[in-house]
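Asker: this is a predicted model, with the sequence first.
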Amino acid sequence: MHSLLNEANRRAIASLRRVVASKGVPVEFWRALEVMADKRGRCMSELSGEAGMQLSATSKLVDRMVDAGLLERSVDPADHRRVILRISERGMEKVAALSGDVRRQRGRLEPHFSASRERRLRELLAEYIRAHHRASD
């Protein structure tokens, strides 16, 4: 089963990479930009969880994205020890430039999956992830 999951992941990332690379955006940046596009500020751990990344990797990624002008850091007014991340105007421009292409790319699979099959696949994957969390506790 692990080889099937790895192959599905590899193909999905390769397909997404072809789309976002056309605008000079690495897949890892896109994952964060997609989460941050709602313009709601987040702390590092929230972004990490929502983007499905390890916290240490997210921290390094955010550094690179801030350097690229895609994200901005600010001090949390409620807790000066925390940093709040926000998408920048440049980040929103990248999201606007890529969202339609990403949606079309993802939509290419729709003819192969009915809504009920897609829902069932999501349920099974979520169940698989929960089982791994329980097994590692």
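Answerer: Yep, it's here.

Asker: so where do the strands sit in the chain?
Answerer: 71-76, 79-87 (DSSP state E).

Asker: can I get those strands in JSON lines with distance to residue 97 and mean pLDDT?
Answerer: Just so you know, the C-beta spots here come from the backbone N, C-alpha and C atoms, and that holds for glycine as well. Formatted as JSON lines, those follow (distance: least, Cβ to Cβ, whole Å; pLDDT from 0 to 100):
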{"stretch": "strand 71-76", "distance to residue 97": "16", "mean pLDDT": "93"}
{"stretch": "strand 79-87", "distance to residue 97": "14", "mean pLDDT": "91"}
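
Asker: tell me which of those strands sits nearest to residue 104.
Answerer: Closest approach to residue 104 among the strands of the chain is made by strand 79-87 (22.1 Å; Cβ to Cβ).

Asker: what is that closest one packed up against?
Answerer: When contacts are defined as 3 or more Cβ pairs under 8 Å, 6 or more residues apart in numbering; DSSP states H and E, strand 79-87 sits against helix 27-36, helix 44-51, strand 71-76.

Asker: buried sites along the longest one?
Answerer: Of the residues in helix 27-36, 28, 29, 30, 31, 32, 33, 34, 35, 36 count as buried by neighbour count, 16 or more other Cβ atoms under 10 Å.

Asker: next one: the last one
Answerer: Buried residues in strand 71-76, counting neighbours by 16+ other Cβ under 10 Å, are found at 71, 72.

Asker: and the angle from it to helix 27-36?
Answerer: With axes from the mean of the first three to the mean of the last three Cα atoms, to 10 degrees applied, the angle from strand 71-76 to helix 27-36 works out at 50 degrees.
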